[in-house]
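Visitor: show me the folded form of this:
(5 chains, ligands or ions: 4)
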Amino acid sequence: MAEDRRLRKRFGGNEAVRDVSFEVNAGECVVLAGDNGAGKSTVIKMISGVYQPTAGKVWMNGELLTGKTPEAVRSAGIETIYQDLALADNLDPGLNLYLGRERTRRVLGLPFLDRKTMREDAVKVMKGLGIVVPDPAAPVREMSGGQRQAIAIARAIHWQAGLVIMDEPTAALGVPEQREVMALIERLKSKGVGIILISHNLPDIFAAADRIIVLARGIVAGERRPAETNDEEIVRMMMGATL
Amino acid sequence: MAEDRRLRKRFGGNEAVRDVSFEVNAGECVVLAGDNGAGKSTVIKMISGVYQPTAGKVWMNGELLTGKTPEAVRSAGIETIYQDLALADNLDPGLNLYLGRERTRRVLGLPFLDRKTMREDAVKVMKGLGIVVPDPAAPVREMSGGQRQAIAIARAIHWQAGLVIMDEPTAALGVPEQREVMALIERLKSKGVGIILISHNLPDIFAAADRIIVLARGIVAGERRPAETNDEEIVRMMMGATL
Amino acid sequence: MRSLLNAWSWLFLLLILGFFEIYAQTQTASTFLFRVYNLQSISVAASQILLLALGLTLVIVAGHIDLSIAFSTGFAAVVMALIIRAAGADAGWLVVLLAMGAGLLAAGLVGLVNGWLVALLNVPSFIGTLGTYGIARGAALIVAGGATVSIRNDHARAFGNGHVLGLPIPLVTAAILALICHYLLKHTKFGAHTYALGANRASVERAGVNVKKHLVLLFLLSAVTAGIGGLIYTSRFSAGAANAGEPILLYAVAAVFIGGASLTGGQGTITGTVIGAFIIAVIQFGLVFCGLPPYWQFVAVGLVIIVAVLVDQSKHHIVGGGS
Amino acid sequence: MRSLLNAWSWLFLLLILGFFEIYAQTQTASTFLFRVYNLQSISVAASQILLLALGLTLVIVAGHIDLSIAFSTGFAAVVMALIIRAAGADAGWLVVLLAMGAGLLAAGLVGLVNGWLVALLNVPSFIGTLGTYGIARGAALIVAGGATVSIRNDHARAFGNGHVLGLPIPLVTAAILALICHYLLKHTKFGAHTYALGANRASVERAGVNVKKHLVLLFLLSAVTAGIGGLIYTSRFSAGAANAGEPILLYAVAAVFIGGASLTGGQGTITGTVIGAFIIAVIQFGLVFCGLPPYWQFVAVGLVIIVAVLVDQSKHHIVGGGS
Amino acid sequence: EEDFTIALVPGLTTDAFYITMNRGAQAAAEALGITVDFQGAEEFDPVLQTPVLDAVIGRGPDAILIAPTDSTQMIEPLRRAADAGIPVITVDTFIDDGKYQDGGGDGDFPLSYIASDNIGGGRMAARHMAEEIGGKGKVYVSNVRPGISTTDQREEGFKAEMAENYPDIEVLETQYNENDASLAASQFQAVLARNPDIAGVFGANLFSALGAGNGVESASKAEDVTVIAFDAPSSIVNNISSGLVDAAIAQHPAEIGYYGVMTAYAALTGQSVPISIGTGFTVINAENVEDDDIAKFIYAE
Ligand SMILES: Nc1ncnc2c1ncn2[C@@H]1O[C@H](COP(=O)(O)OP(=O)(O)OP(=O)(O)O)[C@@H](O)[C@H]1O
Ligand SMILES: Nc1ncnc2c1ncn2[C@@H]1O[C@H](COP(=O)(O)OP(=O)(O)OP(=O)(O)O)[C@@H](O)[C@H]1O
Ligand SMILES: [Mg+2]
Ligand SMILES: [Mg+2]
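Guide: Residues are numbered from 1 along each chain as shown, chains lettered A, B, ... in the order given. Ligands and ions are numbered 1, 2, ... in the order given. All right, here's what the predicted structure looks like:
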C-alpha cells in the first residue's frame, strides 16, 4: 500500500537518515523502533510531507507522494500523530480535532462553525480513549500532558485514513489509556488500515507489530517479525550502531 | 525533609487538586501515580513555585516555600524536570544545562560565557544517560524528542539538589536510556537525595518507589509501599475515582 | 464565562464616557453623551481608525503585522481621486463607483505583494510590509505628482459626508466591515485557521491547510479594508492624499492591541478592536471637549491606553489561569 | 559555519557600496567610497539610528518591543538642553556633563516605567510602551515649553561635532555602545537569558532567573541608549528637540529586523543591527548622491529593505534547516 | 555661459508648497540653461533633513538652496556646506536670526534669504479672521504638531496679531492633529461641543484646514464658523469655491523658487546679491477665487 524507497535526509552537516526503505500493507502494523535520535521521527516527517527528503521517494497506492505538501498527503489518506503533537494551543479540543476539516452549519445560507458539535465529538472520541476533559471549551493549552496527547490521537483516528502514522502515541498516557490505544490499533488493523507505529515500549512493540524495522543511527539495522525475535535481539540491534 | 500540607489548586471553575498532603524524606523516592489529568503535574508545579496554591503549604527542611518564586525554590535545593521540559529552544544543550547558572571565564577581568566548557559538560552528562548529540552547538530545537528530554534530565541532576522532582522523565526515552535513568535514581537515593517521581510505567514505579501515592481526580486515593501492593491494586486506585 | 471576557473593556469604555458626562454636567452644564452631534463626530473618527484596524486584526491574530496599510489607504485614495478628476467636474455615480473599484484594486495590489513576500518568500511580515510601505508610499506620491489630488464631485462628497438612516456613511461602512470581519474571524474555518496560525504554524500546516494561500488572503483582506478607508477619506475631504493613512496607523495598531491582541499572535477579537478604536476616538474627542491643554493630551492619551490594557489584564486574574 | 551566517548581510552591504561606487566612477567620474566626507556623513547618520536600535535589539530579542524610545531620546535631549541653557552661555565642561547625566536620568525614568508596566503589571510591551511614548512626548514638550530648546555652548558643540582620532564622536559613541551591547548579548548570562526569554519565558523563569528584574533592566538599557542618542542630538544640533527621536524610530526598528531579529523574539544580533543601520544609512545617502528623484527613493528604500531580508533568508536554505 | 548645478532642498518633498517652489526653480533653471536638483526628506524634521543635506553636499553642487527645518539645529549641518565652499541660500525658512552677512551670530554665512515671512502670514490670517467674524468671538488654531518651525510661526503670528490688535477675540488652545485630517475634523467638533459659539478656525496647513472644513460641514456650521487656511493648494481652493473655507493665505512659492535660483546664479557669476528678498502673500477668498490673475497663485498639483 505505502512504500518508501531509499529515503535520505541531511540537516546541514548531519545526515539524520540514510537509505531507509520499507513498505506497509493494508491492515498491517509496521513498528519503527530505534534508539533516541535514530531518525524515526525524521522518516515519518518525510512520509507525511513535513520534510522534503534529500533523496528517495514515497508512494501510496502507486501514487508518488514525494514533493507533496502535508495537505496533499493528508488528503491522500495518511493521518499522522506527531511526537510534538502539533496542536493549536489556543483552540479547544473540538477545533483541534477538526482542524482543517471543520464542521459548519448554515444560518441564513451562511456557513457558521459548529463549535458545539465539534466539542461534543471531541469529548466522545476522547472518552473512547479513556480520557475525560473537565472543560471541553477550554483551550488545549490548559490540558494535562495525557489529555493533550489524547487529542492528537483523536485527530488522527477520527478520519477514514488508509494509513495512520503514530509517533510515540502513548508516551504521556496513563496505563488504562495505553491499553485503549493498543486495542484501537487492533481495531484499525482489522478494518484494513495500515499503521506505522513508533514506540520505545518493548511489550507494546511486540503486541502491535506485524513487522519490526529497527533503525540505528539513520540506517535500517534490520527487520524482524515479532515471532522470530525477542526483546534482547531488538535492543541489541538498536544499540548496534550507537555503541 | 520536604512536606506538602493540604495543597489545593483551582483553575477557574475546575478544582484540579484538593487536599493533597505528603512528605518526602532524604534518600527516599516517592512516586506520584495517577491517571491522565489526575493533578500530578499541578501538584509538583505548586511545589516548585510555578503555580501558587489556592490553599495549602509547602515546607523544605522546615523552611516555608509557599509563595516563593521558582528562583527561590530552586536555590533552596529543589530541582525539577517538567513534563513540558521547559527548554529554551534557540540555545544549545550547554546553555540549557546551565541556564540561570551559566559558567563564565574572565578575559581582561570581564566575565565571558564559557560556551565551550558548558557544551562539553552537556555532552558528558548526556553521554552518562546514553544519549549522543550529533552537533552540540546546534540549538535544542533541532534535537529529537529523546535528546531533548535527556537535556532536561541533565539539567536537574547536574546540581547538588536535596530534592529532585521528575515529571515523566522517561516518556520519550529509548530502552537503554530508560534503564540509565532508573539507575540514576538509585544513585541519587544512595546519596541521600529525595526524589518525587511521576510515571505511568508500572514496572518503573515498582522498581523505583519507596512509597507510591496515588492521585485520582485531584485527591489522594491512597498510599502504599511497593511491597504491600501490586499492579492491579494501583491501577484500581487510579481508576477508582475516574470511573 | 468566556463570552463575558470583553465585559471589562466595555466597562472601561463606559467609564470614560461616564467621566466625560460628569465633566460636561458639572463643569459646562451640558451633556457629553446625549448629543447626537458628539456621538456622530466620535463615531466617524472611530470609523476612520477602524477601517485600518479591522483587517489588521486578522493579520495580527495570525501572528503577523501589516505596516503597509498606512499607504494602501493613501494609494487607494489617490487613485480614486485621479480617476474622478480625469472624468471631469460633473462625473456621475458610475464614474465614482468605477474610481472606487480602481482604488480598491490599487490597494489590493499592495496586499498581494505583501502576501507573496510573506507567504511565498518567507520574508518576516514586519520587514516585508515595511518595504511595501515605502513602495506604496512612493507609488502613491508618484501617481499623485507629489501633492494632494483634489476633486469636485457631489456624488463622492455625498457618499463621504452623507447619512443612511441618520447614521454617517463612514460609520455604516465600518460597521458592515466589522460585521464581516467578525464573522470571518469568529465563525468560519478561515478564522479558526487564523487563530491556529498565530498559536502554532506547524499545527495548521500539518492539519493540511494551505497556509500560503491563507496568508495571501489575510494580507489581501487587510489591504482592501485599509483601501476602503482611503475611499472614505477621499469622499469625506474631496481630496486624495498619499499620506491619508499614515497618521492613523499607530492608532489602528493601538486599537487592535487594546482590544486584546498580542505581538506573538493567536489572540484578539474584532469586538475588542472596535472597543479599542472607540476608546481612542472618545478620549481624543473628550480631552478636547474638556479643554485639556494640548501637551497634556499626549500624556493623557498615553495613560488611558495603559489603563485600558491594565483593566483588560485584570480579567485574567479573575477568570483564572496559572502562575 | 554559524559564525559565517552574517556573511550574507555583509556581502549585501558591500554590494550596495559597490553599486554606488560604480555609479560614481562612471557617471560622475568621482568616487563614492574613498572620500572621508562621504564615509563620515554615512557613519554619523548610521550612528544616530544605532543609538536607538542597540538597546532595542535586546528588547526585541527578548520578544518585546519599545516604542517609547522615540521620545526617551527627545526627553533626554530637552532636559540636557534646558540645564545648559539655565547655566548660561559660558557653562563649562562640568555643567555639560551634569546636564548629560540629568538627560540620561530622564530617559532612564521612562525605561523604569516601561519595565514596571511590562514586568510587574504584565502589560504587553507594545501597548505599554505606546502609552509611555505618549507620556514621554507630552513630558518633553511640557518641559521644553513646546519649542526646541536651543543652546550655545562650545563644549557641547565640540562634543557633538568633534572627532577622536579622526572619527566623528557620534560614531565613536555608537561604536562603544555597540561593543557593550554586543558583549552583553553575546557573552554574558544576561544575554543568554535574553535569548531564552524570547524563545520560552517559562524556561527562564523555571531555571530560577528573576525575569521581572531582567525585563526592567532590558527596558532601562533601551531607554538609556536612546537617551544617549538624545545627548548626541542636542550636542550635534545645539538644540534639544522633544521629537528628536521620533522620525528615526521606524528606521531603528527596521535596522533591528534587517539584522535578523523577529517579531516573536529569540533571534537577532548586535552585528546584524549594525549592518542593518549601515544598509539604511548607505542607501539614504547613496540615492541622494545618485540624484534619484525623491519619490523614487521611497520605492528604492522599500525594495532594498526587502531584498536585504531576502538575501538574509537565503542563508537558511544553504546552511540547513528542515521543511 | 556655464552649466551650473544647483541643489534645492525643501523642508519636505511631499507638500504642494515646496512642489510649487520647485516649479518656479525649474522655470528659472530653464531660462538660464542650468540644472536644479530637487532633493529632500519625507518629513519636516532636521534629523531627516541632515542626512539628505550631507548627501547633497557629497554630490558637490555649485550652490545649495535650502528651506532649513530648524533655525538653530540646521546651522551646524549647513556650516559643512559653507566649509566645503558651496554657497548657501535659504528659502522659505532661515537659520539663526535670518539676518545674514552682518557679522553677527553663528549662522551668518548664507548669502541670502528669500521668503514670505510665515509670522507675517499668520498675522495676515488673523486680520482676515477678525474682519470676517466682526472683531469678536472665539477662535483657535488647528496645527500639525509642535516643533515644526513654519507652522509654529504661523500660529505665533496669528496669536500675536490677535493679542495686539483684537482684544475682543479669544484665542483658545491650539489643537494638534498629526497631519491627520480626520483627527482635525473630530477636534473641531469637540471644540464646537465645548464652545457652541466658536467663531473661527485658522488651519495652519493643508490637512488642518481640510479637516476643520470637514468638521464645519458635518456640523452644518458653514454659515457661522469662519475657516481661514494657510497655503493654497487646489483642494483648499475647491473648498473656498464650495464655501467651506472662507479664505486662504497664499504664499508665492513659485516666486521664491524662481528668485532663489536667480540669486544663486547671480552669486555664482560673481555679482552681488541682496541679503534678503521678500515675496508677498495673496489672499484668496470667494470673491476673487475665480479670477484669472489669482489662478497663478494656486499651488501645483
Ligand atoms: N530540524 C532538524 N535540524 C537539524 N537536525 C535535526 C532536526 N530534526 C532532527 N534532527 C537530528 O536528526 C537526528 C534524528 O532525529 P529524529 O527526531 O528523527 O530522532 P528519533 O529517532 O525520532 O528520536 P527520538 O526517539 O528521541 O524521538 C537527531 O540526531 C536530531 O538531532
Ligand atoms: N493552566 C491550567 N489551566 C486550567 N486548567 C488546567 C491547567 N493546568 C492543568 N489544568 C487541568 O487540571 C487538571 C490536572 O492537570 P495535570 O496537568 O496536573 O494532570 P496530570 O496528572 O499531570 O496528567 P498527565 O498524566 O496527563 O500529565 C487537568 O484536568 C487539566 O485540564
Ligand atoms: Mg522522535
Ligand atoms: Mg502531567
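Visitor: quick one: low-confidence ranges for chain A?
Guide: A:241-243 (pLDDT under 70).
Visitor: how is it divided into domains?
Guide: A:1-77+A:161-243, A:89-159 (automatic domain parsing).
Visitor: hmm, the first one in reach of ligand 4?
Guide: Just to be clear, that refers to domain A:1-77+A:161-243. No. Applying C-beta under 5 Å from the ion, one finds domain A:1-77+A:161-243 separated from ligand 4 by no less than 7.3 Å. For the C-beta atoms, the positions are set from N, CA and C on the backbone; glycine is no exception.
Visitor: how about stretch C:235-246 against chain D, any contact?
Guide: No. Using C-beta under 8 Å from any C-beta of the partner chain, stretch C:235-246 stays clear of chain D, with a minimum separation of 9.0 Å.
Visitor: any chance of a markdown table for the domains of chain A, columns mean neighbour count and distance to chain B?
Guide: Output for the domains of chain A, formatted as a markdown table (neighbours: other C-beta atoms under 10 Å in any protein chain shown; distance: least, C-beta to the nearest C-beta, whole Å):
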| stretch | mean neighbour count | distance to chain B |
| --- | --- | --- |
| domain A:1-77+A:161-243 | 20 | 3 |
| domain A:89-159 | 20 | 3 |
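Visitor: which of these sits closest to residue E:254?
Guide: In terms of C-beta to C-beta, the element of these nearest to residue E:254 is domain A:89-159, at 57.5 Å.
Visitor: ok, which stretches of chain A are strands?
Guide: Using DSSP state E, the strands of chain A run over A:2-11, A:14-24, A:29-34, A:55-60, A:63-64, A:78-81, A:104-107, A:110-113, A:163-167, A:194-198, A:211-216, A:219-224.
Visitor: mind listing what residue C:87 touches?
Guide: Going by C-beta atoms under 8 Å, 6 or more residues apart in numbering or on different chains, residue C:87 touches C:95, C:99.
Visitor: and it, how far is that from ligand 3?
Guide: According to C-beta to the ion, to the nearest Å, residue C:87 and ligand 3 sit 65 Å apart.
Visitor: distance between the ends of stretch E:172-182?
Guide: 20 Å (C-alpha to C-alpha, to the nearest Å).
Visitor: excluding chain neighbours, what is closest to residue C:60?
Guide: Excluding the flanking residues, the one nearest residue C:60 by C-beta to C-beta, 6 or more residues apart in numbering or on different chains is residue C:261, at 4.7 Å.
Visitor: now residue E:150
Guide: Residue E:150 sits nearest to residue E:118 (C-beta to C-beta, 6+ apart), 5.2 Å away.
Visitor: wait, doesn't the one you found sit right on residue E:155?
Guide: No. Using C-beta atoms under 8 Å, residue E:118 makes no contact with residue E:155, being 9.3 Å away.
Visitor: centre-most residue in chain A?
Guide: residue A:166 (2.1 Å; C-alpha atoms, centre = their mean).
Visitor: what's near enough to touch it?
Guide: A:80-81, A:153, A:156, A:185, A:195-198.
Visitor: pairing partners for it in the sheet, please.
Guide: residue A:81, residue A:197 (DSSP bridges).
Visitor: check the gap between it and chain E for me.
Guide: Look at residue A:166 and chain E: by C-beta to the nearest C-beta, to the nearest Å, they are 57 Å apart.
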